[in-house]
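Asker: quick one, what's the 3D model for this:
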Amino acid sequence: MADFKEIVGHEQVIHQMQNAIRQRKLSHAYLLCGEAGSGKRPVAEAFAKAILCEEGGIDACGKCKSCKQTESGNHPDFRPVVREKATLGVNEIREQVTADVQIKPYSSEYKIYLIDEAEKMTEEAQNALLKTIEEPPEYAVFLLLVSRQELLLPTVRSRCVLLPFYPVATEKIKRFLMEKKGIPDYLADNAATFSGGLVGRAVRYAESESFTTLRNEVLQLVKGISSMTMAELMENVKLFAAQKEIAGEYLEMILLWYRDVLLYKATQATNLLLFSDETEAVREQADRRSFENLQGIVEALEQLKQRMKANVNFENALELLLLYMKEEGRR
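Answerer: Model prediction:
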C-alpha cells in the first residue's frame with residue numbers, strides 16, 4: 001500500500017486531500033472519479049492511511065502501529081466494502097456500512113469506508129448509503145471510487161466532494177516504471193506510451209509478456225482488415241471475444257491506431273505518432289481514408305467501450321464494429 005509520496009501524478013487531488021488533513025476539515029464523503037487503472041485505489045488507500053496515522057502528519061509515517069495495521073489490511077477503522085457478486089446489493093451496504101458505522105472507531109479518531117467500483121451499487125443500495133452519508137456520525141469518512149459517476153444517483157453525487165483523476169504525463173509514467181519498478185528503458189517507453197496516461201495499465205503492460213502479442217495482433221487486424229474475407233474477420237471476432245478480460249485493452253489500442261491515422265491526416269506530422277515504427281502503414285491509411293471515415297471509426301470504438309460496461313453482447317457488438325471498419329476501408 002503506497003503513501004502519498006510514492007504516488008505518480010494526481011498532484012492536485014493529493015494536495016486537496018493533504019490540505020483537508022492539515023486543516024482538520026475532512027469531508028464526510030469523497031467521490032474519486034477516473035478510468036480503471038487511473039490510480040484511484042492507491043490514492044484512496046494513501047489518504048486513509050494518512051488520516052489514520054498516529055503521527056498526525058499530511059502523509060503516513062509508515063512506522064506506527066496504525067500504519068502497519070493499514071498496510072496489512074487489519075486496521076479495525078479502515079473498512080473496504082467487499083463485493084462478492086457483479087453488483088453491490090442493499091444487504092451488503094446495510095451489513096458492511098449502515099450497521100457498522102453506528103459503532104464508534106476502535107482506535108482512531110476516524111472510521112473510513114472505501115467502496116471501490118461504487119457505480120456497481122444497485123439503486124436500492126445507493127439509497128441505503130444515501131441515508132447514512134446525509135447524516136453521518138462525525139467520525140465517518142466515505143471514499144467512493146467510480147469510473148462513471150453518472151451511474152450514481154444525483155443525490156449521492158451531491159453529497160460528495162468530487163475528485164477527478166486525469167491521465168498522467170507519459171514521461172512521468174516512464175520515469176516511475178524505470179525508477180520504482182526497475183523496467184528497462186525501451187519497455188518502459190512502450191508501456192507508458194500506450195497506457196493512455198493510466199499508471200495501472202502501464203504497469204500491467206510493462207510487467208506482462210503478452211503486451212507485445214496484443215500490439216502485434218492489433219496491428220495485424222487494422223492493417224489487413226480491408227482485404228479480409230468474412231471467414232478471417234470472424235476468426236478475429238472469436239479471438240478478441242475469447243479474451244474478454246482484456247478486450248478493453250484491445251479496443252483501446254485499436255483506438256490509438258485510428259487516432260494516429262487521423263492525426264497524421266490532419267497534420268502530416270510523424271513525430272506525434274504513438275505507432276512511430278509504423279509510419280508507412282499510417283500514411284497509407286491516412287491517404288486512403290476520409291476524415292469522416294476515420295472519425296466514424298473512432299466514435300464507433302468509443303461507443304463500444306461504453307457499451308461493454310453496460311454488459312452488451314460483446315461478440316455481436318464487436319462483429320458489427322469490424323464489419324463497419326472493413327466496409328469503410330473500401331472507400
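
Asker: which regions of the chain sit below the pLDDT cut-off?
Answerer: 243-245, 308-313, 328-331 (pLDDT under 70).

Asker: max-length strand in it?
Answerer: strand 140-146 (DSSP state E).

Asker: quick one: strands adjacent to it?
Answerer: Strand 140-146 pairs in its sheet with strand 29-33 (parallel), strand 111-115 (parallel), by DSSP bridges.

Asker: any idea which helix or strand comes after that strand?
Answerer: Of the helices and strands lying after strand 140-146 in sequence (DSSP states H and E), the nearest is helix 154-157.

Asker: buried stuff in that following helix?
Answerer: 156-157 (16 or more other CB atoms under 10 Å). Where you see a C-beta, it was placed from the backbone N, CA and C, and this is true even at glycine.

Asker: by contact count, what packs against that helix?
Answerer: helix 123-134 (3 or more CB pairs under 8 Å, 6 or more residues apart in numbering; DSSP states H and E).

Asker: list the buried residues of the helix it packs on.
Answerer: Neighbour counts over helix 123-134 (16+ other CB under 10 Å) mark 125-126, 128-130, 132-133 as buried.

Asker: what's the closest non-adjacent residue to Ala20?
Answerer: Spatially, and ignoring its direct neighbours in sequence, Ala20 is nearest to Leu26 (5.1 Å; CB to CB, 6 or more residues apart in numbering).

Asker: surely that neighbour is within a helix?
Answerer: No - under DSSP: H, G, I helix; E, B strand; the rest coil, Leu26 sits outside any helix and is assigned coil.

Asker: name the SS class of Ser195, please.
Answerer: coil.

Asker: that one against Arg201, yeah?
Answerer: Yes - with contact defined as CB atoms under 8 Å, Ser195 reaches Arg201; the gap is 4.6 Å.

Asker: neighbour-wise, which of these two wins?
Answerer: Neighbour totals were compared for Ser195 and Arg201, and Ser195 leads with 25 against 22 (other CB atoms under 10 Å).

Asker: quick one, what contacts the residue lying closest to the more buried one once chain neighbours are set aside?
Answerer: Of all residues beyond its chain neighbours, the one nearest Ser195 is Ala202 (3.6 Å), with distances taken as CB to CB, 6+ apart. Ala202 makes contact with 173, 177, 191-192, 195 under the criterion CB atoms under 8 Å, 6 or more residues apart in numbering.

Asker: what's the farthest-apart pair in the residues you listed?
Answerer: Across those, the longest distance by CB to CB is 9.4 Å; it joins Leu177 and Ser195.

Asker: about what we covered before: among the contacts of Ala202, which are in helices?
Answerer: Residues of these located in helices (DSSP state H): 173, 177, 191-192.

Asker: for the single longest helix found in the chain, buried residues please.
Answerer: Taking DSSP H as the criterion, the chain has its longest helix at helix 247-267. Neighbour counts over helix 247-267 (16+ other CB under 10 Å) mark 247-265 as buried.

Asker: distance check, the most centrally placed residue in the chain against Arg204.
Answerer: Centroid check for the chain by CA atoms, centre = their mean gives Ala36 as the closest residue, at 1.5 Å. Using CB to CB, to the nearest Å, Ala36 is found at 11 Å from Arg204.

Asker: repeat that for Ser227.
Answerer: Where Arg204 is concerned, Ser227 sits at a distance of 32 Å (CB to CB).

Asker: more crowded one of these two?
Answerer: Arg204 (17 against 10).

Asker: quick check: the more buried one touching Lys181?
Answerer: No - when contacts are counted by CB under 8 Å, Arg204 is not listed as touching Lys181 (11.3 Å).

Asker: give me the element Leu322 is part of.
Answerer: Going by DSSP H and E, Leu322 is in helix 314-328.

Asker: could you list every helix and strand in contact with that helix?
Answerer: helix 230-241, helix 291-309.

Asker: could you give the number of residues near Ala269?
Answerer: Taking other CB under 10 Å as the criterion, the count of residues near Ala269 is 9.

Asker: so which of the strands paired with strand 140-146 comes closest to Val101?
Answerer: strand 111-115 (6.8 Å).

Asker: ok and that closest one relative to helix 123-134, angle-wise?
Answerer: If you take axes from the mean of the first three to the mean of the last three CA atoms, to 10 degrees, strand 111-115 sits at 150 degrees to helix 123-134.

Asker: distance to Phe314 added to the ones in helices among the contacts of Ala202, as a markdown table?
Answerer: Below are the ones in helices among the contacts of Ala202 laid out as a markdown table (distance: CB to CB, whole Å):
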| residue | distance to Phe314 |
| --- | --- |
| Ile173 | 28 |
| Leu177 | 30 |
| Ala191 | 25 |
| Ala192 | 28 |
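
Asker: rewinding a little: now the buried residues of helix 123-134 in CSV, with distance to Glu84?
Answerer: Converted to CSV, the buried residues of helix 123-134 look like this (distance: CB to CB, whole Å):
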residue, distance to Glu84
Ala125, 13
Gln126, 18
Ala128, 17
Leu129, 17
Leu130, 22
Thr132, 21
Ile133, 23
